[in-house]
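Colleague: Would you be able to build a 3D model of this:
(chains A and B)
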Amino acid sequence: MLVSPEPFIRLRGVSKTYRLGKKAHLAVSDATFDVMPGELVSLVGPSGCGKSTLLKILAGLHPHDGGELKMGSATHSFDPARDVGMVFQAPLLLKWRRILENVLLPAEILGLDMKEAEGRARELLKLVGLAGYEEKYPYELSGGMQQRAAIARSLVHDPKLVLMDEPFGALDALTREKMNLELLRIWKEAGKTIVFVTHGISEAVFLGSRVVVLTAGPARMADNFEIDLPHPRTLDIKTHEHFGEYTRRIYKLLGME
Amino acid sequence: MTDARRETTRRIVLAILAHLALLLAWYLFVALGNVPKFVMPSPVDTLNALLQPNYSWWTNISVTATEIFGGYFLALVVGVALALLFSWSKALEAFFMPLLVSLNMIPKVALGPLIIVWFKYGVFPNTLMAFSICVFPILLTTARGLREVEPELLDLVNALKGSRWQLFTKIQLPGALPYIFSGMKVAAILAVAGAIVGEFLGSDKGLGYLMLQVQVTLDTPAMFMAVILITLLGMLLYGMVLGLEKLLVVKDARVS
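Modeller: Residues are numbered from 1 along each chain as shown, chains lettered A, B, ... in the order given. Okay, here's the model as predicted:
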């Protein structure tokens, strides 16, 4: 029973202009791509290419002002409040809450059944490798561990879509590699659709089942292609000849070759 | 005992020793230097001053304590309430905040004679004096704390379609708590000064009033005792604030 699946997110010529006084700043122009259910899509591009803006549009934080954006499909419904999880570059954990309470924040805001949510939160903390840290305060955890807690928080209300804005950008290179592997494992186990914003080209290729390339000034979409590398991926895949081809392709698009 | 515990104990012992050393130095200075009692009384003379029944220590202590704690508490309520009001209305904040910053520049002590003209002398005007000196640091730090919300945290709440009230109770207010306490600590020290200055300017009761009375008769031991009691009242207030902070604010979130 092979049904050709409908995209979970569909963007057609989506654009966004910020107005600062009389100056208009085109932050996103003509973004056209699909995100399939369960896909991990990397949005890659230099700083100021509008990738964070695009993410905020997907999160429903900013309205887009041109083009067409469709969230959800007939088979995969989408609730704009309940179905978005967010992870940022900084963990943004609340200093005065224990890790478990931090993970529970979205459930509280949505008014979910807290008993059920607590069970889920504990499961998720296990999933991200933080079992035993439930009662710790954020300052007792390293940066990487705090970011894991932030990932657990983004999943606690069981959203269909998780938006990540350079979540590993502030981590050291080694921790970052480790977190990349962890993310792939979490993605597989949690079965979420993920849109992952990064300016790390190799990170984008390593994680993505699809990569959308954005260029700066003027902000526009430069490319959108599938990454045909086998799963589960390990760090060995970075020596795969296709891996090099993909990264080279992106470097070229960003004018670095 | 863990290392951290041992370190804490060591610090407490050293702190007590430092205070005892000061007492001893004071005692030796007076005893060996043959200093006249009216210039500097010995610790024993100072303690003896408490036995003077006509100084009605207890009444004076309770009057000064009422002024300090009353003014402080009033400032806490008014300061935090105004800051909350400003955090809910941008227009209100934009209008009043610059004004309050200017008013904060008034040396509150200079208001003393005016307060006496308006409210006569007594406990209430002195409470008002303590209040006027305490309210600004509390208001300004609380307002700042309420403003310091990371924009991405705002995104997080908004993406979940959280309400303004949820943002306020779950993020803004607990986030501002360390700031409120930093203002409260500054104010705790100021409150004592406010009440005493008020008593100096005009009053018929209180430790500051007593100091002026015994100054006339050159009863220096009583003056010493009054200063010590005022200091103890300040320490009590400060200690209560510290204790409350320890109870309510997570270690890492404290603003020193």
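
Colleague: can you give me the helices in the chain?
Modeller: All of this is about chain A. A:51-58, A:99-103, A:105-110, A:114-127, A:143-155, A:173-190, A:201-207, A:241-253 (DSSP state H).

Colleague: looking at chain B here, not the other one
Modeller: According to DSSP H, the helices that chain B contains are B:3-33, B:43-48, B:57-88, B:90-104, B:112-119, B:123-147, B:151-159, B:164-166, B:173-201, B:207-216, B:220-248.

Colleague: Would you enumerate the residues in contact with the residue nearest to B:G112 when sequence neighbours are not counted?
Modeller: Spatially, and ignoring its direct neighbours in sequence, B:G112 is nearest to B:L201 (4.1 Å; C-beta to C-beta, 6 or more residues apart in numbering or on different chains). Where C-beta positions appear, they are placed from N, C-alpha and C, glycine not excepted. B:L201 makes contacts with B:112-113, B:116, B:121, B:129, as judged by C-beta atoms under 8 Å, 6 or more residues apart in numbering or on different chains.

Colleague: before we move on, the earlier item: the helices of chain A: which one's closest to chain B?
Modeller: Shortest distance between chain B and those, using C-beta to the nearest C-beta, is found for helix A:105-110: 4.2 Å.

Colleague: Packing partners of that closest one?
Modeller: Counting by 3 or more C-beta pairs under 8 Å, 6 or more residues apart in numbering or on different chains; DSSP states H and E, the packing neighbours recorded for helix A:105-110 are helix A:114-127, helix A:143-155, helix B:151-159.

Colleague: So which bits of the stretch 1-150 of chain A are right by chain B?
Modeller: A:56, A:59-61, A:80-82, A:84, A:86, A:88, A:90, A:92, A:94-96, A:105-106, A:108-110, A:137-139 (C-beta under 8 Å from any C-beta of the partner chain).

Colleague: What parts of chain B come near chain A?
Modeller: Residues of chain B lying near chain A by C-beta under 8 Å from any C-beta: B:150, B:152-153, B:155-162, B:166, B:170-171, B:174-175, B:177, B:249-253.

Colleague: Only the buried members of those: can you turn that into a ChimeraX selection?
Modeller: Written as a ChimeraX command, the selection of buried residues from the residues of chain B next to chain A, which uses 16 or more other C-beta atoms under 10 Å in any protein chain shown, is:
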select /B:153,155,156,157,158,159,160,162,166,170,171,174,175,177,249,250,253
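
Colleague: Without its sequence neighbours, what residue ends up closest to B:L212?
Modeller: With C-beta to C-beta, 6+ apart as the measure, B:F200 is the residue that lies nearest to B:L212, at 6.6 Å, once sequence neighbours are left out.

Colleague: Next: A:K136.
Modeller: Nearest-residue entry for A:K136: A:I99, 5.3 Å, with adjacent residues in sequence omitted and distances by C-beta to C-beta, 6+ apart.

Colleague: residues contacting the one you found?
Modeller: Contacts of A:I99 were listed using C-beta under 8 Å, 6+ apart, and they are A:93, A:125, A:130, A:133-138, A:141, A:149.

Colleague: which one among these gets closest to chain B?
Modeller: Checking the contacts of A:I99 against chain B with C-beta to the nearest C-beta, the nearest one is A:Y137 at 5.6 Å.

Colleague: Could you count how many residues lie near that closest one?
Modeller: As a burial measure, the neighbour count of A:Y137 was computed by other C-beta atoms under 10 Å in any protein chain shown and equals 20.

Colleague: For A:R176, see how far away it is.
Modeller: In this structure, A:Y137 and A:R176 are 24 Å apart, going by C-beta to C-beta, to the nearest Å.

Colleague: Kindly report the same for B:P151.
Modeller: Here the criterion is C-beta to C-beta. By it, B:P151 lies 24 Å from A:R176.

Colleague: For the two, work out which one has more neighbours and name it.
Modeller: Using other C-beta under 10 Å as the criterion, B:P151 and A:R176 rank with A:R176 on top: 17 against 8.

Colleague: Show me the domain layout of chain B.
Modeller: Described in terms of automatic domain parsing, the domain architecture of chain B consists of the residue ranges B:1-34, B:43-253.

Colleague: out of the contacts of B:L201, which is most surrounded?
Modeller: B:M129 (28 neighbours).

Colleague: give me every residue that touches that one.
Modeller: Going by C-beta under 8 Å, 6+ apart, B:M129 touches B:67, B:71, B:108, B:111-112, B:115, B:194-195, B:197-198, B:201.

Colleague: Between those residues, which sits nearest A:R12?
Modeller: When the contacts of B:M129 are compared for distance to A:R12 (C-beta to C-beta), B:K108 wins out at 64.1 Å.

Colleague: Mind listing what's buried along stretch A:206-223?
Modeller: Of the residues in stretch A:206-223, those scored as buried under the neighbour-count criterion (16+ other C-beta under 10 Å) are A:206-215, A:219-223.

Colleague: tell me the angle the least confident helix or strand in chain B by mean pLDDT makes with helix B:173-201.
Modeller: The helix or strand of chain B with the poorest confidence is helix B:112-119; it has a mean of 87 (mean pLDDT, DSSP states H and E). In terms of direction (axes from the mean of the first three to the mean of the last three C-alpha atoms, to 10 degrees), helix B:112-119 departs from helix B:173-201 by 90 degrees.

Colleague: relative to helix B:123-147, how tilted is helix B:112-119?
Modeller: When the same axes, to 10 degrees is applied, the directions of helix B:112-119 and helix B:123-147 differ by 110 degrees.

Colleague: And A:G244, how far from A:I201?
Modeller: When distance is defined by C-beta to C-beta, A:G244 is 11 Å away from A:I201.

Colleague: okay, the two: which has more neighbours?
Modeller: Comparing A:G244 with A:I201 by other C-beta under 10 Å, the one with more neighbours is A:I201, at 22 against 13.

Colleague: so what's that one up against?
Modeller: The contact partners of A:I201, taken as C-beta under 8 Å, 6+ apart, are A:44, A:247, A:250-251, A:254.

Colleague: Got the confidence number for it?
Modeller: Model confidence at A:I201, expressed as pLDDT, equals 89.

Colleague: now the one 10 residues further on
Modeller: Among the per-residue scores, A:V211 holds a pLDDT of 92.

Colleague: for it, which residues make a bridge with it?
Modeller: With DSSP bridges as the criterion, A:V211 is bridged to A:S42, A:F225.

Colleague: distance between the helix or strand of chain A with the lowest mean pLDDT and the chain's centre?
Modeller: Considering only helices and strands, the least confidently modelled element of chain A by mean pLDDT, DSSP H and E is strand A:220-226, at a mean of 82. Once both centres are worked out by C-alpha atoms, centre = their mean, to the nearest Å, strand A:220-226 turns out to sit 17 Å from its chain's centre.
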